[in-house]
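Peer 1: Attaching a predicted model along with its sequence, questions to come.
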Amino acid sequence: MKNLSFYLLCGVWLMPVFAQEPVEEAKVLNATAASEVQSATPPVPRDAVLFSYRGIEMTAGVFMQYNMNSLERIYDEDPKDKDQQILDLLEYSVFSACVAEEGRKLGFDKKPEIASALHRKEIDWLADYFVGRNVHDNYDGSEEVLKKYYEDNIDKYRETERFQFRHIFFKTIDEPAEKQKEALQRAKDALARLKAGEDFVKVASEMSDSPKKGEIVGPFRVDEPDESKRINPEIQKAVLALETGKYSDIIKTKYGYEIFRLEEHVLPDPKPFERVRGEIDYERRLAYITQLKKDTVTKYFDEAVKGWNPEIVKNPAAKDEDLICTVYGEPLTVGYYRSMVKGREDAVQKEIDKVGLDPFIRYHLVFRLIAYKKACEMGLDKRLPSIERKQLNELQWLQKAYFDHAWKEYKDSHPITEEMIQKAYEENKIRILAPRDAEIAEIFRAVPEEKTDERYRVFKAQQEAQSALEKAIERIKAGEDFAAVAREVSEATNAAEGGYVGKVNSQSTYRGRTYISEVFRLEEGQFSEKPVSCDGGFAVVKVLKMYDRVPLSLEEARPRLTEIVLGQMRTAFRNELGKKLVNWDEVKIDPVVRDAVSRFGGVAREVFHDEPQGK
């Protein structure tokens, strides 16, 4: 067998492959791809052997699980080089199985940390299988039941009453009396244009003081529970008094004069059953599973659980190996609790605050161990989906364990030398460049931090800052010196120096990423044509000088060079390992099964249950 593609594939580090978690349900592949399959060949069984090599075998089912993401893409896209891509996956799977076997020979599957991890994977899988089997056998998701639930709970499935509108705004707040009179006259003029038949958006874009300029405002919930998202009640009342598509007379609000047009008003009518069918089914399944957990734990807790001590998880001094309890002899440890909670502490604590620590541990953790025991009693661990998951988990864990072991040995016997660093530098120095530098000046206007109870004050400050900077831009465009305008307009401490900031580079965090992006969008001598939102306010930026990127010195580049050398070593390591472990002439691939895995539907789907029992 030709194996050039294999060695190219080996240049990619294993971690992305190892990171693939085994899926817990048979995935439904792209329906379009399925419809394009034209073959009378029946699917091969999942336990059909795809390849064998010196006593190592991989079935079609394990191959499908192991390469699920890549196969989904190939089936979906049907690339021209599909046969080669399938061959690449096949060769990599052979190699992976051989690597895992080396780990098994060294007894890595007996190491406590790996054996424990594999056992935990098995527990989690079989607990989920137990739930799935109970849902399959007992949950009634028939159309009749779902429709009755919909009718009995119709208020849960009403539309959220909401609305959106456009407006033409004439500001009076904080304006002198004369300006307020002008605003009213402008509002009358705008209303006259609308009555004459002019387009609302056109009139708004030409006359409105609002930055929206006729754009849609909203949507807003009529009964918005979040105070920070509520619209002014007098505006809501005025808008909802209109028919959709109609505009109002001139309405005085605390901000000024306004003319509103209602664009949409969604009433709290019931959503059609077809729209919420999936939502209802999901809710009922979730409720069934929640009750299943409670019933199962209640039924078996006394016989299953020994040494119940849930409060130990509150003790920060508790060790990972300390027991919360045992469940049918299986240890439930503090370490397992911590691993389950890690990364979602806030959500877990919220649930514990709601239901209590004892019920949380009972119905989440104790349940899984009871469900595992009952799944084994039901023989679910002997079914093909479970056997595939077990083989897949062993493949992934042993593969990683042996790779870590062999890679460490390789690195220890092949230390990185200064000569290797020097060579990498000579080969890559034109690509290892310092971040680009720019020498800049700015005109900055500050804006206070936004607070819910001060939104108008913040909005007003934003408007004033942008207005001042827009006028500054016009002055600079008219020929005034940037530094002179900065001295007069800028509120930054560097205003006295004409807004001079100095050098920044493309990785700088000065005034935030939007500000830095604007700097490196500009050419030397250019300035912002509109105010840029930045940390603390708004700014206008000018690039005084743009510097070319220069190669880093060897010492500056050393961390990157070390990564490059390690990458080269990894490629050499993988190639050597491939030659050592696999004699490709001895690999036997079943051509019928090989053809089957290359086609959508070519391999039998996973069968989790013997026959349909639920509805």
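Peer 2: Noted; the coordinates are in hand. Here the structure is a predicted model, which means the values were calculated and not measured. Residues are numbered from 1 along each chain as shown.

Peer 1: C-alpha from now on. contacts and neighbour counts both.
Peer 2: Noted.

Peer 1: what about Pro310, neighbour count?
Peer 2: The tally of other residues near Pro310 (other Cα atoms under 10 Å) stands at 20.

Peer 1: Nearest residue to it in space, please, no chain neighbours.
Peer 2: Ile324 (5.4 Å; Cα to Cα, 6 or more residues apart in numbering).

Peer 1: Read off the pLDDT value for the residue nearest the centre of the chain.
Peer 2: For the chain, Gly343 is the residue whose C-alpha lies nearest the centre (Cα atoms, centre = their mean; 14.3 Å). We have a pLDDT of 89 for Gly343.

Peer 1: before we move on, what about Leu29?
Peer 2: 34.

Peer 1: circling back: wait, a strand at the residue nearest to Pro310?
Peer 2: Yes: the assignment for Ile324 is a strand, going by DSSP: H, G, I helix; E, B strand; the rest coil.

Peer 1: mind checking how far it is from Glu311?
Peer 2: Here the criterion is Cα to Cα, to the nearest Å. By it, Ile324 lies 8 Å from Glu311.

Peer 1: for this protein, which helix is longest?
Peer 2: helix 273-304 (DSSP state H).

Peer 1: pLDDT of that one, averaged?
Peer 2: 96.

Peer 1: Can you give me the buried ones in that helix?
Peer 2: For helix 273-304, the buried set under the neighbour-count rule, 16 or more other Cα atoms under 10 Å, comprises 273, 276, 280-281, 284-285, 288-289, 292-294, 296-297, 301, 304.

Peer 1: Neighbouring strands of whichever helix or strand comes after it in the sheet, and parallel or not?
Peer 2: Where DSSP states H and E defines the elements, the next helix or strand beyond helix 273-304 is strand 305-306. Sheet partners assigned to strand 305-306 using DSSP bridges are listed as strand 323-327 (antiparallel).

Peer 1: chain center to the strand it pairs with: distance?
Peer 2: Using Cα atoms, centre = their mean, to the nearest Å, the mean C-alpha position of strand 323-327 is found 35 Å from that of the whole chain.

Peer 1: ditto for stretch 336-349
Peer 2: 19 Å.

Peer 1: how long is it from one end to the other?
Peer 2: Start-to-end, stretch 336-349 (Cα to Cα) is 16 Å.

Peer 1: Outside of it itself, list whatever touches it.
Peer 2: Outside of stretch 336-349, the residues that reach it under the criterion Cα atoms under 8 Å, 6 or more residues apart in numbering are 313, 320, 365.

Peer 1: one step back: Ile324 and Glu311 - which one has more neighbours?
Peer 2: Per other Cα under 10 Å, whichever of Ile324 and Glu311 has more neighbours is Ile324, with 24 against 10.

Peer 1: Toward the C-terminus, what is the element adjacent to the strand or helix carrying Tyr150?
Peer 2: Tyr150 is part of helix 143-152, with elements assigned from DSSP H and E. Remark: after helix 143-152, the chain's next helix or strand is strand 162-171, criterion DSSP H and E.

Peer 1: What are the phi and psi values at Tyr257?
Peer 2: phi -100, psi 140 (degrees, to the nearest 10).

Peer 1: Which pLDDT value goes with the spatially closest residue to it that is not a sequence neighbour?
Peer 2: Among residues not flanking Tyr257 along the chain, Phe170 sits closest, at 5.1 Å (Cα to Cα, 6+ apart). The model reports Phe170 with a pLDDT of 94.

Peer 1: hmm, back to that, might you report the residue contacts of the residue nearest to Pro310?
Peer 2: By Cα under 8 Å, 6+ apart, the contact list for Ile324 reads 307-313, 331-334.

Peer 1: Just the buried ones among those residues, please.
Peer 2: Judged by 16+ other Cα under 10 Å, buried ones among the contacts of Ile324: 310, 312-313, 331-334.

Peer 1: would TSV of these with pLDDT be doable?
Peer 2: As requested, those are exported to TSV (pLDDT from 0 to 100):
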residue	pLDDT
Pro310	96
Ile312	97
Val313	95
Pro331	96
Leu332	96
Thr333	96
Val334	95
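
Peer 1: Including secondary structure, could these go into JSON lines?
Peer 2: What follows is the buried ones among the contacts of Ile324, written out as JSON lines (three-state DSSP):
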{"residue": "Pro310", "secondary structure": "helix"}
{"residue": "Ile312", "secondary structure": "helix"}
{"residue": "Val313", "secondary structure": "helix"}
{"residue": "Pro331", "secondary structure": "strand"}
{"residue": "Leu332", "secondary structure": "strand"}
{"residue": "Thr333", "secondary structure": "strand"}
{"residue": "Val334", "secondary structure": "helix"}
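
Peer 1: Which stretches in the chain count as strands?
Peer 2: Here the chain has its strands, by DSSP state E, at 49-53, 56-59, 162-171, 217-221, 251-252, 256-266, 305-306, 323-327, 330-333, 437-446, 500-505, 532-534, 537-546, 588-589.

Peer 1: Format those strands as a markdown table; extra columns: distance to Leu184.
Peer 2: As requested, those are exported to a markdown table (distance: least, Cα to Cα, whole Å):
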| stretch | distance to Leu184 |
| --- | --- |
| strand 49-53 | 82 |
| strand 56-59 | 80 |
| strand 162-171 | 7 |
| strand 217-221 | 22 |
| strand 251-252 | 9 |
| strand 256-266 | 7 |
| strand 305-306 | 77 |
| strand 323-327 | 73 |
| strand 330-333 | 73 |
| strand 437-446 | 31 |
| strand 500-505 | 44 |
| strand 532-534 | 32 |
| strand 537-546 | 31 |
| strand 588-589 | 85 |
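
Peer 1: No more questions from me, cheers.
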